[in-house]
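K.L.:
everything below, folded, please.
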Amino acid sequence: MSRILLFDGECNLCNGIVQFVIKRDPNTKFQFAALQSETGQKLLKEYDLPNQFDSFIMIEGGKAYQKSSAALRVVSHLNGGWRLFTVFKIIPTPIRDVIYNFIARNRYKWFGKRDSCMIPTPDIKSRFLD
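P.N.:
Residues are numbered from 1 along each chain as shown. Here you go, the predicted model:
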């Protein structure tokens, strides 16, 4: 089953998360698209999501997950002990998303911003949707 992660391609934190997932996904379960890309914009419309770049989105099984729910879905599929973080599902989504939103609002200030979306290296390019 294909899993697509939509991320802010200009955000250093978001790009770091993509690299983190790639390193822990040896079976290449995940594909990626920047929210700013044509594919990202198409998927936002297809899943009737707001055209905002402040949410990490995971599409899996025909359903779109946003914010903390998306992050927890991602870690549930990674190799290693990262699955242990799914214990945070016991915290109600609105409370988890308050923390998520705080980080999202400050991500450029704390981690910086790129002038353009990342360009994948040739060895991982096939995992990125145009």
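K.L.:
longest helix anywhere in the chain?
P.N.:
Longest helix in the chain, counting residues (DSSP state H): helix 93-111.
K.L.:
contacts for that helix?
P.N.:
Residues from elsewhere that reach helix 93-111, judged by CB atoms under 8 Å, 6 or more residues apart in numbering: 8, 11-14, 16, 54-55, 67-69, 71-72, 88. (Each C-beta comes from the backbone N, C-alpha and C, glycine too.)
K.L.:
mind picking the two most distant members of those residues?
P.N.:
Taking CB to CB as the measure, the contacts of helix 93-111 span a maximum distance of 23.7 Å, between 12 and 88.
K.L.:
pull out the buried residues from stretch 40-49.
P.N.:
Buried residues in stretch 40-49, counted by 16 or more other CB atoms under 10 Å: 40, 43-44, 49.
K.L.:
report the two of those separated the most.
P.N.:
Put simply, by CB to CB the two of these set farthest apart are 40 and 49, 10.1 Å from each other.
K.L.:
distance between the longest helix of the chain and the chain's centre?
P.N.:
14 Å (CA atoms, centre = their mean, to the nearest Å).
K.L.:
where do the helices sit along this protein?
P.N.:
Ranges of helices within the chain are 12-23, 38-46, 67-75, 93-111, based on DSSP H.
K.L.:
looking at the ones you listed, spot the one closest to residue 120.
P.N.:
Shortest distance between residue 120 and the helices of the chain, using CB to CB, is found for helix 12-23: 9.0 Å.
K.L.:
what packs against that closest one?
P.N.:
Judged by 3 or more CB pairs under 8 Å, 6 or more residues apart in numbering; DSSP states H and E, the packing partners of helix 12-23 are strand 3-7, strand 30-34, helix 93-111.
K.L.:
just the angle between that helix and strand 30-34, please?
P.N.:
Orientation note: helix 12-23 sits at an angle of 160 degrees relative to strand 30-34 (axes from the mean of the first three to the mean of the last three CA atoms, to 10 degrees).
K.L.:
CA atoms of the helix or strand of the chain with the lowest mean pLDDT as PDB?
P.N.:
Within the chain, no helix or strand scores below helix 12-23, which has a mean of 90 by mean pLDDT, DSSP states H and E. Taking only C-alpha atoms (Å, rounded to 0.1, in the frame of the first residue of the first chain), the coordinates of helix 12-23 have been written out as PDB:
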ATOM      1  CA  ASN A  12      13.900  23.000   7.100                       C
ATOM      2  CA  LEU A  13      12.100  21.100   9.900                       C
ATOM      3  CA  CYS A  14       9.800  19.400   7.300                       C
ATOM      4  CA  ASN A  15      12.600  18.500   5.000                       C
ATOM      5  CA  GLY A  16      14.500  17.100   8.000                       C
ATOM      6  CA  ILE A  17      11.400  14.900   8.800                       C
ATOM      7  CA  VAL A  18      11.300  13.700   5.300                       C
ATOM      8  CA  GLN A  19      15.000  12.700   5.500                       C
ATOM      9  CA  PHE A  20      14.300  11.000   8.800                       C
ATOM     10  CA  VAL A  21      11.500   8.900   7.400                       C
ATOM     11  CA  ILE A  22      13.500   7.900   4.300                       C
ATOM     12  CA  LYS A  23      16.300   6.600   6.500                       C
END
